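Enquirer: next input, structure requested:
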Amino acid sequence: MSLLRKCKLCIDVSHSALWGYDPVESIKRYKDQLIYVHLQDYANYSGGDGESYDVNWVDVGSGTVMDFPKIMTTLEEIGYDRWVTACPGQIEDRSDQERMQVNRGYLQQLGY
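Expert: Next comes the predicted model:
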């Protein structure tokens with residue numbers, strides 16, 4: 001983390017949560033180094049504590065863990081104006097375009 005003045009930081013909010021960190025607090029703490037935000041959601045997981053994670057990835061907004069309204073509001077509050085991407089879940093067989101439309105529709109419902 002001491003080298004962030006040079007390399008900057010991407011926060012994947014789902015990985016932050018999986019590793020026991022609050023995504024909103026991570027965004028606030030590293031706001032000066034933040035260059036990219038990755039939105040991803042999950043319903044549950046197993047593993048960790050030295051084991052590989054087995055994660056049930058779902059569409060953004062479909063999980064039970066992430067608070068995307070608060071995450072997006074926090075990005076606004078800190079004046080974040082860089083890239084934000086959303087990763088579709090892997091819950092059903094559909095085209096990439098269909099998967100992205102689900103995430104885009106959810107974020108539009110939130111006003112983004």
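Enquirer: could you use CA atoms for every contact and neighbour count after this?
Expert: Noted.
Enquirer: beta partners of the residue most central in space within the chain?
Expert: In the chain, the residue lying closest to the centroid (CA atoms, centre = their mean) is residue 39, at 2.6 Å. Listed by DSSP bridges, the beta-bridge partners for residue 39 are residue 86.
Enquirer: mind listing what it touches?
Expert: Neighbouring residues of residue 39 by CA atoms under 8 Å, 6 or more residues apart in numbering: 12-14, 60, 84-87.
Enquirer: mind running it again at 6 Å?
Expert: Going by CA atoms under 6 Å, 6 or more residues apart in numbering, residue 39 touches 13, 85-86.
Enquirer: highest neighbour count among these?
Expert: residue 13 (23 neighbours; other CA atoms under 10 Å).
Enquirer: any idea which helix or strand of the protein has the worst average confidence?
Expert: In the chain, no helix or strand scores lower on mean pLDDT, DSSP states H and E than helix 4-7, which sits at a mean of 60.
Enquirer: could you point out the helix or strand that follows that one?
Expert: As assigned by DSSP states H and E, the chain's next helix or strand after helix 4-7 is strand 9-12.
Enquirer: mind giving me the packing neighbours of that next one?
Expert: strand 34-39 (3 or more CA pairs under 6 Å, 6 or more residues apart in numbering; DSSP states H and E).
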